[in-house]
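Q: Got a predicted structure plus its sequence, pasted below:
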Amino acid sequence: MFLIRILLILITAFAAGLCVAATPVAASISYNLLRNGTHIGVINENFEIKDGAYIATSVATAIGLFALAQRRPITYSSAGEATREGLRPTRFEGRRNNTTATADFDWKTDKLTMTHDGVNQTVALPPATQDRLSAMYQFMHLVQNKPGAATTVEMPMTTGRKLDRYRYDINPDVVIDTPLKRLTTLHLAKQRDQNDSHTEIWLAPEYHYLPVKIVIVESDGVRYEQVVTRLDVRL
């Protein structure tokens, strides 16, 4: 009986571990958006995997006086395949005011076509390239598949206007306060060149390494902060 009880405990613990490491098939997240500390908008995102494909959407709506300058929501969408290695985008689209930027991924020919401001540009498509929205949900795969001692994570990423390789330094067990609650996070800081924007991302292991805070400091010093207020996942 004692041996059976021990086995049951081990099996339960193992199953719980699998649950924590499992990748969500759906997530719904809301964020507050701040500019230099002032609340200027809200962001609502949805992510879903179904039948081997994924779709992600992000809608940012300005509030208060900022709604006078940004009357239309800023929207991003990403769709593609969901594989064992993670997300494989096929189409990205971003809309802001009257401008649109898109990226089409042709994995058969390894070509990426970016379209913006009436200009088409086709470049070589590096393996595992993400777009600016899918990247936020690809971290679930990159981080969980990394050895515990890993100190960096990197990926090629497109905004529909350009393609860059992003490399982040990893700092574990960083505790932050959010409107949701206090969270222990994995902190990522983008390595950057001079005059480049600075990006930091906080991923929550408790929520399957989804982003709970993002900070971008532009080259002119303007600071944008995106902080989670609601996060629901479905496994």
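A: Cool, the structure landed.
Q: show me what contacts the residue nearest the centre of the chain?
A: When CA atoms, centre = their mean is applied to the chain, the residue found nearest the centroid is Met136 (0.9 Å). Met136 sits next to 45, 56, 201, 210-211, 214 when contact means CB atoms under 8 Å, 6 or more residues apart in numbering. Any C-beta I mention is one placed from the backbone N, CA and C, and that applies to glycine too.
Q: next one: Pro73
A: Neighbour list for Pro73: 59-62 [criterion: CB under 8 Å, 6+ apart].
Q: Now the buried members of those.
A: For the contacts of Pro73, a burial check counting by 16 or more other CB atoms under 10 Å picks out 60-62.
Q: if we can go back for a sec, adding distance to Ile170, write the contacts of Pro73 out as TSV.
A: Below are the contacts of Pro73 laid out as TSV (distance: CB to CB, whole Å):
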residue	distance to Ile170
Val59	30
Ala60	27
Thr61	32
Ala62	33
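Q: Can you tell me which of the residues you listed is nearest Arg161?
A: The nearest member of the contacts of Pro73 to Arg161, counting by CB to CB, is Ala60 at 17.5 Å.
Q: and the helix or strand the closest one falls within, how far from the chain's centre?
A: Element membership for Ala60, per DSSP states H and E: strand 53-62. Strand 53-62 has its C-alpha centroid displaced from the chain centroid by 11 Å (CA atoms, centre = their mean, to the nearest Å).
Q: Stretch 41-48 now?
A: Distance, stretch centre to chain centre, for stretch 41-48: 11 Å (CA atoms, centre = their mean).
Q: Averaged pLDDT, it. What do you get?
A: For stretch 41-48, mean pLDDT rounds to 97.
Q: Name the residues that touch that stretch?
A: 24-33, 54-63, 66, 70, 136-137, 226, 229.
Q: Please identify the buried residues of that stretch?
A: Within stretch 41-48, the residues that qualify as buried by neighbour count (16+ other CB under 10 Å) are 41-45, 47-48.
Q: how about the CA coordinates for it, as CSV?
A: Written as CSV, here are the backbone C-alpha positions of stretch 41-48 (Å, rounded to 0.1, in the frame of the first residue of the first chain):
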residue,chain,number,x,y,z
GLY,A,41,-5.6,53.3,-24.1
VAL,A,42,-6.5,49.7,-23.7
ILE,A,43,-5.4,46.6,-25.7
ASN,A,44,-7.5,43.5,-26.1
GLU,A,45,-5.8,40.4,-27.6
ASN,A,46,-7.1,36.9,-28.5
PHE,A,47,-5.1,33.9,-29.5
GLU,A,48,-6.4,30.5,-30.6
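Q: Tell me where the protein has helices.
A: Assigned by DSSP state H, the helices in the chain fall at 2-21, 66-69, 134-144.
Q: give me the low-pLDDT residue ranges for this protein?
A: Within the chain, the segments meeting pLDDT under 70 span 1-22, 144-150, 192-195.
Q: If you count residues, where's the longest strand of it?
A: For the chain, the strand with the greatest residue count under DSSP state E is strand 163-177.
Q: what's the angle between that strand and helix 134-144?
A: Angle, strand 163-177 to helix 134-144, by axes from the mean of the first three to the mean of the last three CA atoms, to 10 degrees: 70 degrees.
Q: and strand 163-177, which strands flank it?
A: strand 152-158 (antiparallel), strand 182-190 (antiparallel) (DSSP bridges).
Q: Please enumerate residues in contact with the first one?
A: By that I understand strand 152-158. Here strand 152-158 makes contact (CB under 8 Å, 6+ apart) with 92, 103, 112, 114, 126, 128-132, 135, 138-139, 142-143, 146, 163-170, 188.
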